[in-house]
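> build me a model from this:
(2 chains)
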There are 2 protein chains.
Amino acid sequence: MKIELENVLPAEIEKRSFEIITEELGDRVFDPLQEPIIKRAIHTSADFEYADSLCFSEHAVEKALDALRKGAYIVTDTQMGKSGINKKVIAEFGGEVCCFMSDPDVAETAKKNGTTRAVASMEKAAKLDRPLVFAIGNAPTALIQLYEMIQEGRIRPELIIGVPVGFVNVVQAKELIMTAGVPYIVARGRKGGSNIAAAICNALLYMLDSSRGQR
Amino acid sequence: MKIELENVLPAEIEKRSFEIITEELGDRVFDPLQEPIIKRAIHTSADFEYADSLCFSEHAVEKALDALRKGAYIVTDTQMGKSGINKKVIAEFGGEVCCFMSDPDVAETAKKNGTTRAVASMEKAAKLDRPLVFAIGNAPTALIQLYEMIQEGRIRPELIIGVPVGFVNVVQAKELIMTAGVPYIVARGRKGGSNIAAAICNALLYMLDSSRGQR
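Here you go, the predicted model:
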């Protein structure tokens, strides 16, 4: 059969993809600091809905970049999210990516309290003595727990990336976290995922990494 | 602010999600062996397009289940895909999940040959003396390489899950792999991803796992 392949060098595939995304977004104008994040979410999903669904609190990106530059840790709610984040770039700034979801003590606490492992892993993250960025791509219960801990003054995240995907309490948990009074990047609605959470983290990290061209 | 949360026990969230997906799919009728795969792809993405875009070769699911039951390995093209697959269930059948993308020899081969690491990691996988299921959620070049190795008689996968996401050669590579003469599950179009590849693998594994209710 005839399949016409585009002749693009391996190293150029990502660049060409971003060009196509830019073309297809047409004359839409984005905040220049939000644009690379929106485009990377589209790049990772081929879903242009993120151009409309991603919401940013005021100065969220500047604040997140400051925190990451100072060595903030990123906490994810899935191993999949963690594995998608560029560990090399975050390490250059003294940061790390953590996920406590598979920790035996987290499973135990969750069982004892009749809650989700995501809730228990947020509790565990709150004990880290570090500036923290939360990248939540799966569990709405993690966002609800963060909201409660913020209200109780037990935690003050530098940024919450709130992009769980799904059908039960996902829409509500995202609306809730936008009222918590901390910087956020949220994908309104049902869509999101660990891949989107990782893509947003990577977009932030690549903005800090002067060795990469900014897109 | 008033946020109305649905009161669902942690253990029931997935079940309730599948009920909502079933409700929203309405009176659509699916092949009973394909249905859990389609629904899990929707569950992982909140994107109902997968009800239309997922294509199955004849008896693809039966053949894949047979292979996994006999201990087939799953090969992914991202660490993220690997980390999303349920390793416990595949291990019960003697299988494993492999990803060679971060292997130093793969990086070296790719550089030497001016190709992608995905291509080099497919070459490496072809040397495994095992029945193989490929779960490709990222690299169209991996699908193109698999197609060529199949034509040359160098490999005969039990199943190819062809769900790369993206803008450059993704649509073409998926169309190509559907002509390779081996069983496939493909998400036609631009959409897909490592999360979708993992979801399809998990749907297959859960169909084999009698300890879980089938959805």
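> can you show me the helices along chain A?
A:13-25, A:35-45, A:50-53, A:60-69, A:79-84, A:87-92, A:104-113, A:117-126, A:140-151, A:170-177, A:194-208 (DSSP state H).
> got a markdown table for these, with distance to chain B, mean pLDDT and mean neighbour count too?
Every C-beta, even on glycine, is put in place using the N, C-alpha and C of the backbone. Below are the helices of chain A laid out as a markdown table (distance: least, Cβ to the nearest Cβ, whole Å; pLDDT from 0 to 100; neighbours: other Cβ atoms under 10 Å in any protein chain shown):
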| stretch | distance to chain B | mean pLDDT | mean neighbour count |
| --- | --- | --- | --- |
| helix A:13-25 | 4 | 96 | 16 |
| helix A:35-45 | 6 | 98 | 24 |
| helix A:50-53 | 11 | 98 | 18 |
| helix A:60-69 | 19 | 98 | 19 |
| helix A:79-84 | 4 | 95 | 26 |
| helix A:87-92 | 11 | 96 | 16 |
| helix A:104-113 | 8 | 96 | 14 |
| helix A:117-126 | 8 | 97 | 23 |
| helix A:140-151 | 7 | 97 | 23 |
| helix A:170-177 | 5 | 98 | 22 |
| helix A:194-208 | 5 | 97 | 26 |
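> with distance to B:Ala11 added, can I get these in TSV?
Converted to TSV, these look like this (distance: least, Cβ to Cβ, whole Å):
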stretch	distance to B:Ala11
helix A:13-25	39
helix A:35-45	29
helix A:50-53	29
helix A:60-69	34
helix A:79-84	20
helix A:87-92	32
helix A:104-113	10
helix A:117-126	11
helix A:140-151	12
helix A:170-177	17
helix A:194-208	21
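> nearest to B:Lys124, out of those?
helix A:79-84 (19.4 Å; Cβ to Cβ).
> wait, doesn't A:Leu208 sit right on A:Leu68?
Yes. Using Cβ atoms under 8 Å, A:Leu208 is in contact with A:Leu68, at 6.0 Å.
> who touches both of these two?
Residues touching both A:Leu208 and A:Leu68 by Cβ atoms under 8 Å, 6 or more residues apart in numbering or on different chains: A:Phe93.
> contacts only, for A:Gln145.
A:Ala118, A:Val119, A:Met122, A:Glu123.
> mind doing that once more with 10 Å?
Counting by Cβ atoms under 10 Å, 6 or more residues apart in numbering or on different chains, A:Gln145 touches A:77, A:115-116, A:118-123, A:125-126, A:136, A:139, A:155, A:173.
> which one of the residues you listed is nearest B:Tyr50?
Nearest to B:Tyr50 among the contacts of A:Gln145, with distances taken as Cβ to Cβ, is A:Ala139, at 21.6 Å.
> chain neighbours aside, what residue packs nearest to the closest one?
A:Ala118 (3.3 Å; Cβ to Cβ, 6 or more residues apart in numbering or on different chains).
> now A:Val61
A:Leu33 (4.2 Å).
> roughly how far does the one you found sit from A:Tyr184?
Separation of A:Leu33 from A:Tyr184 (Cβ to Cβ, to the nearest Å): 15 Å.
> compare the two (neighbour count), which wins?
Ranked by neighbour count (other Cβ atoms under 10 Å in any protein chain shown), A:Leu33 and A:Tyr184 place A:Tyr184 first, with 22 against 16.
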